[in-house]
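J.: After the sequence you'll find the predicted model.
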Amino acid sequence: MLNPHNTGLIIIDVQGKLVSAMHESDSLLRHIEVLIKGCQLLNLPIIWLEQNPQGLGPTVIELSELLTTQQPITKHSFNGCDNRDVIEAIKATGKQQWLVCGIEAHICVYQTCRGLLAEQYEVEVVQDCISSRSQTNIELALGKLQRCGLGVTNVEMCLFELIKDSREQAFKQLLALIK
């Protein structure tokens with residue numbers, strides 16, 4: 001089970017030139033927006049990655065406007081864990097469980113999740129918050145990651161798992177995000 005005191009979110013490469021080519025990109029952005037707002041409501045740390053922003057452009061405005069209290073970490077390797085700044089940011093949070101969202105599922109999301117697993121973190125990919133150019137690539141990534149021990153969740157499932165109780169102060173706000 002996800003523990004709100006031990007969980008963070010990693011957002012991978014949701015950048016302008018990539019997003020428009022993704023399978024069901026509008027749905028992807030809506031789900032990631034809810035996930036970010038939910039994690040912010042629950043005060044979870046968020047680590048935000050951009051793959052070669054000079055070539056692919058910045059994170060889409062719909063998401064970057066939500067992340068105004070931090071800056072993205074630039075990376076060039078597909079596995080975010082190959083970047084010292086990413087690993088240092090993760091370690092600085094003290095969290096052991098990580099939700100992962102972003103694109104592309106079969107490249108940067110897959111390799112970063114494998115890197116997190118290799119670093120002994122618990123990882124859950126948020127299925128409705130990842131995409132690739134084809135559904136086949138998404139399914140391939142999820143299958144390989146599950147065989148490696150990674151968990152799969154969705155926005156609603158992980159946020160309710162983190163809040164745990166309808167009596168929590170943030171519950172009504174969380175419910176409004178999901179509806």
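T.: That came in fine, so what should we check first?
J.: and residue 18, what pLDDT?
T.: Residue 18 carries a pLDDT score of 88 in this model.
J.: Check what contacts the lengthiest strand in the chain and list those residues.
T.: In the chain, assigned by DSSP state E, the strand with the most residues is strand 122-131. Strand 122-131 is touched from outside by 2, 22-25, 27-28, 31-32, 35, 96-105, 109, 113, 116-117, 138, 141-142, 145, 150-155, 158, with contacts defined as C-beta atoms under 8 Å, 6 or more residues apart in numbering. (C-beta placed from N, C-alpha, C; glycine too.)
J.: What part of the protein, helix or strand, is modelled with the least confidence?
T.: Least confident element among the helices and strands of the chain, by mean pLDDT, DSSP states H and E: helix 16-19 (a mean of 87).
J.: Tell me which residues are up against it.
T.: 25, 28, 29, 51, 55, 56, 57, 58, 59, 60, 103, 104.
J.: Start from the N-terminal end of this structure and give the strands.
T.: Here the chain has its strands, by DSSP E, at 7-12, 46-51, 73-75, 97-103, 122-131, 151-153.
J.: among these, which is the most enclosed?
T.: strand 97-103 (a mean of 26; mean count of other C-beta atoms under 10 Å).
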